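[1] Let's see this in three dimensions:
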Amino acid sequence: MDDLMTIGEVAQYFGLQTSTLRYYESIGLLPPPRRVSGQRRYTTEVLPVLAVIQLAKDANCSLDEIRTLLYGPSEHVLPSARWRTLVGTKLREVEATIRQALELKALLDEALHCEALLRELDECPLIDTQEPEMRKTG
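    Numbers count the residues shown, from 1 in each chain. Next up is the predicted model:
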């Protein structure tokens, strides 16, 4: 009986709210735990599952992606193969985000130092050069 943990103990171990564990159970990420006098009692076998869930969440995986990782569309695919597929997809997403951010940075750097753009902004008659509180109201 020593290996059974309360929902509060498991939640505290991972820095989670107990409601998070109940939610994970309700959506099928965690198997239903044993009940002792109506209260949830988890075996230590749940700890690695929660560690994987936390890692996947830190890797920006959705709960649906995590469910697929843990339980897969097919029992014939090893979890390690599902992990490689998921991480490969996430890595490509991160690389695309980095490329977009670098392109945006280059555009902003260029716009910041573009004398023609700065001059056009200052000389454009449609752009007000006064501070908003200095504008005349009519």
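
[2] and Thr20, what does it touch?
    By Cβ atoms under 8 Å, 6 or more residues apart in numbering, Thr20 lies in contact with Ala11. The way it works is simple: take the backbone N, C-alpha and C, and place the C-beta from them, glycine included.

[3] Could you check which helix or strand contains it?
    In the assignment (DSSP states H and E), Thr20 maps to helix 18-26.

[4] List the buried residues in that helix.
    When neighbours are counted by 16 or more other Cβ atoms under 10 Å, the buried residues of helix 18-26 are found to be Thr20, Leu21, Tyr24, Glu25.

[5] Quick one: the helices in this structure, in order.
    For the chain, helices defined by DSSP state H occupy the ranges 7-14, 18-26, 46-58, 63-71, 79-112, 115-123.

[6] Between these, which one is closest to Arg34.
    With distances scored as Cβ to Cβ, the stretch of the helices of the chain nearest to Arg34 is helix 46-58 (10.6 Å).

[7] between that closest one and helix 7-14, what angle do the directions make?
    50 degrees (axes from the mean of the first three to the mean of the last three Cα atoms, to 10 degrees).

[8] For helix 46-58, what is the distance to the chain centroid?
    13 Å (Cα atoms, centre = their mean, to the nearest Å).

[9] what's the angle between it and helix 18-26?
    Orientation note: helix 46-58 sits at an angle of 100 degrees relative to helix 18-26 (the same axes, to 10 degrees).
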